[in-house]
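A.B. asks: I would like the atomic coordinates for the input below:
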Amino acid sequence: MKKTVHFVSGLPRAGGNLLSNILAQNPRFDVTPTSGIIDIVLMVRNRWNRVIEFQAAPDEPAKLRVMRSVLDGYFDNGKDKPVVFDRSPAWLSVLEMAETILERKAKVLVAVRDMRDVLASYERLWRRNAGTWEMTQEQQNYYKWQTVEGRCEVLVSPNQPVGICYNRIQDALNRGFKDRMHFVDFDELTSKPEATLAGIYDFLEETPFEHDLRNVQQVTKEDDMILGIPGLHQVRPVIEPSEPQWPRYLGAVADKYAPMNTMWRAAKNSAQPAPEPRRPATAHEPALAAV
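C.D. replies: Residues are numbered from 1 along each chain as shown. Okay, here's the model as predicted:
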């Protein structure tokens, strides 16, 4: 079954996992946990021309066919769901490759959140587990890790989870991919989920589906200990707004990171007009792709 592939990307601790599990309620949609298939496709792209036989007899069309078959084969999982969402923060850095494989413009749901709360979320996780557990960044940056300010500086570094994801969003915008990106603000997703989902379905050109926002079941499973942070991908079943965490966990340090929100908020406000409401399908009435 040839499937339509979309991507979920964006900032960490910004609701990408929550968004995926909400979308999974739609019987048309299949979602992945944080996926590594992008690395396999990149491996084919990057190593193909290093093989001496392919150097002697170049075959670029064959390379592209193999790259496509890797993606198609990965999603040929026996599920009768025509739309797939592959979740990885790295897709924004290789949208040129993604569109070459897909042979169309990509559609990326970009999870974003107030940067102060992204950092506060990491700080909260660290404090909750610090009694018996050492975060990878703590081990690698011992001296900076002694203060809230230092911990934030580490996390926004270009080679760390917050910094690299932020830079990927900014660079994708700079490369002219704004029309492929639909920003999903965590605070809007949790405080105005119906309107937020309406915008998502409009962007995807899918008929809206009536989601159960009081009973979100977590269908994506990941071993957070392998990823180095206990509790990193837990999803709460009830969608409800939450108070900002940064005043409690970051204090005055948060002021330094407030300007970072300007980048994605400006792009979001200029790229996403309010969607026209459409009648949603229900669980008893399967949603059909919009024409």
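A.B. asks: would you map the helices across the stretch 51-200 of the chain?
C.D. replies: Applying DSSP state H, counting those that start in this stretch to the stretch 51-200 of the chain gives helices spanning 52-56, 60-75, 95-102, 115-129, 136-140, 148-155, 161-174, 186-191, 193-204.
A.B. asks: check which helix or strand covers Val238.
C.D. replies: Using DSSP states H and E, Val238 is not contained in any helix or strand.
A.B. asks: and it, what is it in contact with?
C.D. replies: By CB atoms under 8 Å, 6 or more residues apart in numbering, the contact set of Val238 is 213-216. Every C-beta, even on glycine, is put in place using the N, C-alpha and C of the backbone.
A.B. asks: most neighbours among the residues you listed, please name it.
C.D. replies: Val216 (19 neighbours; other CB atoms under 10 Å).
A.B. asks: I'd say that residue and Leu19 touch.
C.D. replies: No - Val216 is not in contact with Leu19 according to CB atoms under 8 Å; the separation is 10.1 Å.
A.B. asks: average model confidence for the helix or strand Asn21 falls within?
C.D. replies: Using DSSP H and E, Asn21 falls within helix 16-23. For helix 16-23, mean pLDDT is 95.
A.B. asks: tell me which strands and helices it is in contact with?
C.D. replies: In terms of contacts (3 or more CB pairs under 8 Å, 6 or more residues apart in numbering; DSSP states H and E), helix 16-23 is packed against strand 4-10, strand 29-34, strand 83-87, strand 108-112, helix 186-191, helix 193-204.
A.B. asks: redo those as TSV? Include distance to Glu60.
C.D. replies: Shown next, in TSV, are the helices and strands packed on helix 16-23 (distance: least, CB to CB, whole Å):
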stretch	distance to Glu60
strand 4-10	22
strand 29-34	28
strand 83-87	24
strand 108-112	26
helix 186-191	41
helix 193-204	31
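A.B. asks: show me what contacts Gln218?
C.D. replies: Taking CB under 8 Å, 6+ apart, we find Gln218 in contact with 21, 234-235, 237.
A.B. asks: what's the closest of the residues you listed to Gly163?
C.D. replies: Gln234 (23.6 Å; CB to CB).
A.B. asks: does that closest one belong to a helix, a strand or coil?
C.D. replies: What DSSP: H, G, I helix; E, B strand; the rest coil gives for Gln234 is coil.
A.B. asks: and it, how many neighbours?
C.D. replies: By other CB under 10 Å, the residues close to Gln234 number 11.
A.B. asks: not counting its neighbours along the chain, what's nearest it?
C.D. replies: In this structure, Gln234 finds its nearest non-sequential neighbour in Gln218, 7.5 Å apart by CB to CB, 6 or more residues apart in numbering.
A.B. asks: again with Thr220
C.D. replies: Distance criterion CB to CB, 6+ apart; nearest residue to Thr220, sequence neighbours excluded, is Pro33 at 3.9 Å.
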